[in-house]
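# Sequence first, predicted coordinates after that:
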Amino acid sequence: MKKSLPITYYLDFSNYSEPVRRSFLHEAACCGIKHLVLTDRIIAQIMRDPAWAKVMQKEVAAEGLSFMDAHAPFGWTFDMNTAFVDERPVTMLRHQMHLHIARLMNVDSITIHIGNDYRFPEVPLQTHLDRIEEMLDNLLPVAEECKVCLCIENIWLRNSTPEMLWYFKDKFPTEYLGFCYDAGHANIMNNGRLHADGRAWQGWKAVGVDTPQWDDQILEKMLPQVVTCHLHDNYGDEDQHDLPGNGNVDWNHVRELLCKAPRLKQLQSEVLINRNSLAIKDLADKFNELFG
Amino acid sequence: MSISVPLTYLFEFDKVDDAARNNFLAQFAACGVKHLVLSAPLLNIMMESRDKTAQIKKEMESFGLSFCDGHSPYSEHQNLNCPYVEERKSLAVRLKMYMNIAAYFGVDTMTYHLGNDVLYPDIPFQTHIDRACSMLEAILPEAEKLNMTLCVENIFVRSATADIILDVVKKFDSPHLALCFDAGHANIMEKGHCAADSIARRYWKLSPDEPAWEDSIVKLKRMLPYIVNAHLHDNDGIGDYHTKPGCGNVNWREILPLLLSAPRLKVLQSEVQMFRNGLSIKETVESFERILADVEAAI
């Protein structure tokens, strides 16, 4: 790598009991992990109970760890394009709160899902884009106030291709809007073509498009505005969030390009160790081998 | 005079799981209840989960229940005087979100805790009041937008006496800011002087003076023009038990008729905590039916 970027790890531990949380964090620290993702679950917990913020900060700091980047809570019912129009005022405030929580936790970038169009196939694409634009218009001043960069992420769907992300970036040139490059999702939009009933095929067919817009240049297209990244592996069919090497993402290619990303702040492991029954040690060793 | 305002019931939503919740909602409906309180713990749950919000809305509707008043969540991080300066901006957003969730349910009055001073000996007393006022200033435009009335509640602490909250409400002179008369808290500030260990004495320990003891009826008369909501629960003046009317020494026969004459009153709320006091929904509802029947009979 041209420059040494911190590696942050998405570890979903905050719903464990206190002794288990402490042991888990100690395990992570013993495996050489330094930085954690402020996860969607932790943010949701702080939404419910603001006092939880200090509990988390204290427990993480006790192991010499810190939060470095964040992922906002997500779901098709409250992502930026939500078609539940009567709830949009609450949804906007919900995402404003996510930005404020990131600020309070000393995190300076947060990934927020723009939303998936296939959930609302009856809604025209332009309406999705307009709704996302309206949400960004509301959120970006808050992001600026909080000094937190709001990152939008490539997914395997029609409304979250690199071209779509640039559509929004061109409308909002502020430095507080950036991209989150998701290596696993990019792989679905490339190697997904090999799997007849893969996630990409399903997602595009649901909105009336027979063939997804396959793309093997996603990172190249996003690179100038990539602020954070989600690194995980799959075979192009499912969104497995598996360990690099347990799929067919071309990690050499990803590594070479990411080191040229001018705005990149950190490298994030978005490997889901619970879903894939992985050891923290194997996770940390793999990321150190690839990016350390 | 007749009892024309709705009566809403507090239910401790946070104490039951999804399956049990439906049994309790069915029981409320079977006991003739029409309205529940959009309570503070419930709003906290809804902050965490949008989908739970939609689910509970559907369940309430299926039992013919609705929310018509709310209680903004309270804690040292959520009260109007929040002492954590770095959190105050996000608190304003948070409070607006509670209001918007409430508005989504058609709720048009929300009760607020100004906050306690007792935990913060290093913060000058007036700073608590100033902070509460600045927070109200930040959120009142949202109340206006949502056509909602924010009600500040009398508590048994130095920073939420009738004098303090009346000053705050008069200062803003807004149709969207009013008072919530809490009968149980008023009782503590009336009868707590008899006990050395009353909760009021404990919460006034930073003050060199005795707690501002006051007869509940005198207090109610002073607050009356500004009262929009009321919290009804009972105690013995020593502890804040939130038990059912009749299980304490609140003077319901005098309080209720006077309260019902409040010109801006929109809603009466049972703030009885049933689980905490081992009470059934049925006996709680019956206790309210009794005290309200007494008032009607006296009219």
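Sure, I can see it.
# what about the longest helix in chain A?
helix A:125-146 (DSSP state H).
# And that one, how far out from the chain middle?
On the basis of Cα atoms, centre = their mean, to the nearest Å, helix A:125-146 sits 17 Å off its chain's mean C-alpha point.
# residues making contact with it?
Contacts with helix A:125-146, where a contact means Cβ atoms under 8 Å, 6 or more residues apart in numbering or on different chains, come from A:80-83, A:88, A:91-92, A:95-96, A:99-100, A:102-103, A:112, A:114-115, A:117, A:120, A:149-150, A:158-159, A:164, A:167-168, A:171-172, A:174, A:176-177, A:207, B:89, B:93. C-beta here means a position set from N, CA and C on the backbone, and glycine is covered the same way.
# residues contacting the nearest residue to A:Pro262 once chain neighbours are set aside?
Take A:Pro262 and drop its neighbours on the chain: the residue closest to it by Cβ to Cβ, 6 or more residues apart in numbering or on different chains is A:Pro224, 6.4 Å away. Going by Cβ under 8 Å, 6+ apart, A:Pro224 touches A:Ala261, A:Pro262, A:Arg263.
# which residues of the stretch 1-150 of chain B score low on pLDDT?
B:1-2 (pLDDT under 70).
# For it, which segments count as strands?
B:7-9, B:35-38, B:66-71, B:109-112, B:149-153 (DSSP state E, counting those that start in this stretch).
# With the stretch 151-292 of chain A instead?
Going by DSSP E, counting those that start in this stretch, the stretch 151-292 of chain A shows strands at A:177-182, A:226-231, A:267-269.
# What sits closest to B:Leu179 if chain neighbours are left out?
Nearest non-adjacent residue to B:Leu179 (Cβ to Cβ, 6+ apart): B:Tyr226, at 4.3 Å.
# dump the residue contacts of the one you found.
By Cβ under 8 Å, 6+ apart, B:Tyr226 lies in contact with B:Leu166, B:Val169, B:Ala178, B:Leu179, B:Arg264.
# can you put the strands of the stretch 1-150 of chain B in CSV and add mean neighbour count and distance to chain A?
Shown next, in CSV, are these (neighbours: other Cβ atoms under 10 Å in any protein chain shown; distance: least, Cβ to the nearest Cβ, whole Å):
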stretch, mean neighbour count, distance to chain A
strand B:7-9, 23, 22
strand B:35-38, 25, 13
strand B:66-71, 24, 14
strand B:109-112, 25, 14
strand B:149-153, 25, 16
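# interface residues of the stretch 1-150 of chain A facing chain B?
A:44-45, A:47-51, A:75, A:77-78, A:86-87, A:89-91, A:93-94, A:96-97, A:100-101, A:103-104, A:142, A:145 (Cβ under 8 Å from any Cβ of the partner chain).
# how many other residues sit next to residue 212?
In the absence of a named chain, chain A is used. Using other Cβ atoms under 10 Å in any protein chain shown, A:Pro212 is surrounded by 23 other residues.
# my question was about chain B
That count, for B:Ala212 with other Cβ under 10 Å as the rule, works out to 16.
# do the same with A:Glu289
Neighbours around A:Glu289, by other Cβ under 10 Å: 11.
# need the contact list for it.
So A:Glu289 contacts nothing (Cβ under 8 Å, 6+ apart).
# So for it, what pLDDT did the model give?
A:Glu289 is assigned 96 on the pLDDT scale.
# Could you report the separation of it from B:Ala212?
68 Å (Cβ to Cβ, to the nearest Å).
# thinking again about what came up before, now the contacts of B:Tyr226 in CSV, with pLDDT and neighbour count?
Listed next are those as CSV, based on pLDDT from 0 to 100; neighbours: other Cβ atoms under 10 Å in any protein chain shown:
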residue, pLDDT, neighbour count
B:Leu166, 98, 18
B:Val169, 98, 20
B:Ala178, 98, 25
B:Leu179, 98, 28
B:Arg264, 97, 15
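# so of these, which ones are in helices?
Short answer: the contacts of B:Tyr226 in helices (DSSP H) are B:Leu166, B:Val169.
# Got the confidence number for the residue of the stretch 151-292 of chain A found nearest chain B?
When distances are taken as Cβ to the nearest Cβ, the stretch 151-292 of chain A reaches nearest to chain B at A:Tyr176, 16.3 Å away. Turning to A:Tyr176, the model gives it a pLDDT of 98.
# same thing with A:Met1?
pLDDT, A:Met1: 46.
# buried residues in stretch B:111-124?
Of the residues in stretch B:111-124, B:Thr111, B:Tyr112, B:His113, B:Leu114, B:Gly115, B:Asn116, B:Asp117, B:Tyr120 count as buried by neighbour count, 16 or more other Cβ atoms under 10 Å in any protein chain shown.
# Figure out the length between the terminal residues of that stretch.
25 Å (Cα to Cα, to the nearest Å).
# just stretch B:98-116 next, same as before
21 Å.
# Please apply the same query to stretch B:155-170.
So stretch B:155-170: terminal residues 18 Å apart, Cα to Cα.
# cool, stretch A:27-34 as well?
End-to-end for stretch A:27-34, by Cα to Cα: 11 Å.
# dump the residue contacts of the residue nearest to A:Phe120 when sequence neighbours are not counted.
Once flanking residues are discounted, A:Phe120 sits nearest to A:Ala83: 4.3 Å by Cβ to Cβ, 6+ apart. Contact analysis of A:Ala83 by Cβ under 8 Å, 6+ apart lists A:Arg119, A:Phe120, A:Val123, A:Arg131.
# What's the PyMOL syntax to select whichever of those are buried?
To isolate the buried members of those in PyMOL, using 16+ other Cβ under 10 Å:
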select buried, chain A and resi 119+120+131
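# so how many other residues sit close to residue 87?
Answering for chain A, as no chain was given. For A:Glu87, using other Cβ under 10 Å, the count is 19.
# not what I meant, chain B
20.
# Look at B:Gln208 and say how many residues are nearby.
Residue B:208: Pro, not Gln. 5.
# and it, helix, strand or coil?
coil (DSSP: H, G, I helix; E, B strand; the rest coil).
# Please determine how far it is located from B:Asp122.
For B:Pro208 relative to B:Asp122 (Cβ to Cβ), the value is 16 Å.
# Fine by me, thanks again.
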